[in-house]
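Asks: sharing a model that was predicted from the sequence below.
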Amino acid sequence: MTTLVIAEHDNASIKGATLNTVTAAVACGGDVHVLVADPAVVGRI
């Protein structure tokens, strides 16, 4: 099973809750993908 984690960040670092979620996803097995989105890009696409 593949897991997608949507990262929470403050434009400087990834929040701890995201790191905990990635750890849990890895423990479940399968591939883990992390989406890190930049709010500054919204509207440019």
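Replies: Perfect, I can see it now.
Asks: measure A24 to A37 for me?
Replies: 20 Å (CB to CB, to the nearest Å). Placement of C-beta: from N, CA and C, glycine included.
Asks: measure the residue most central in space within the chain to L19 for me?
Replies: The centroid of the chain falls nearest to A7 when counting by CA atoms, centre = their mean (2.7 Å). Distance check for A7 against L19: by CB to CB, it reads 9 Å.
Asks: try L4
Replies: Counting by CB to CB - L4 and L19 are separated by 16 Å.
Asks: look at the two and report which has more neighbours.
Replies: Set L4 next to L19 and count neighbours by other CB atoms under 10 Å: L19 wins out with 15 against 10.
Asks: three-state assignment of that one?
Replies: helix (DSSP: H, G, I helix; E, B strand; the rest coil).
Asks: and it, what's its pLDDT?
Replies: pLDDT, L19: 95.
Asks: can you check N11 too?
Replies: So, for N11, pLDDT stands at 81.
Asks: my read is that it contacts D38, right?
Replies: Yes - between N11 and D38 there is a contact at 7.3 Å, judged by CB atoms under 8 Å.
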